[in-house]
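# this one's structure only:
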């Protein structure tokens, strides 16, 4: 069983809250708060790239 350490939820106004977690094997996880047993996982580097791209505006078209 994977031991995931979850961060506090990131919440927007009136929207779902998301949680980011990591494990000791170098994996990163994203889940909806309250549904952490249904997560998306990839490497920590992939999570870093995702966050950098979002901060750079590459997902602004989704807003």
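In hand now; what should we look at? Note that the coordinates shown come from a computational prediction; the quantities given were computed from them, not determined experimentally.
# Give me the residue at the spatial middle of this protein.
In the chain, the C-alpha closest to the average C-alpha coordinate belongs to residue 30, at a distance of 3.1 Å (Cα atoms, centre = their mean).
# The protein: helices as residue ranges?
In order along the chain, the chain carries the following helices (DSSP state H): 44-55.
# where exactly do the strands run in it?
In chain order, the chain shows strands spanning 5-6, 10-11, 17-22, 27-32, 40-43, with DSSP state E as the criterion.
# separation between the residue nearest to the centre of the chain and residue 56?
Separation of residue 30 from residue 56 (Cβ to Cβ, to the nearest Å): 18 Å. To be clear about C-beta, it is placed using only N, CA and C from the backbone, and glycine gets the same treatment.
# hmm, back to that, which one of the strands of the chain has the lowest average pLDDT?
Looking at these, the lowest mean pLDDT belongs to strand 10-11 (a mean of 92).
# Nothing else from me, thank you.
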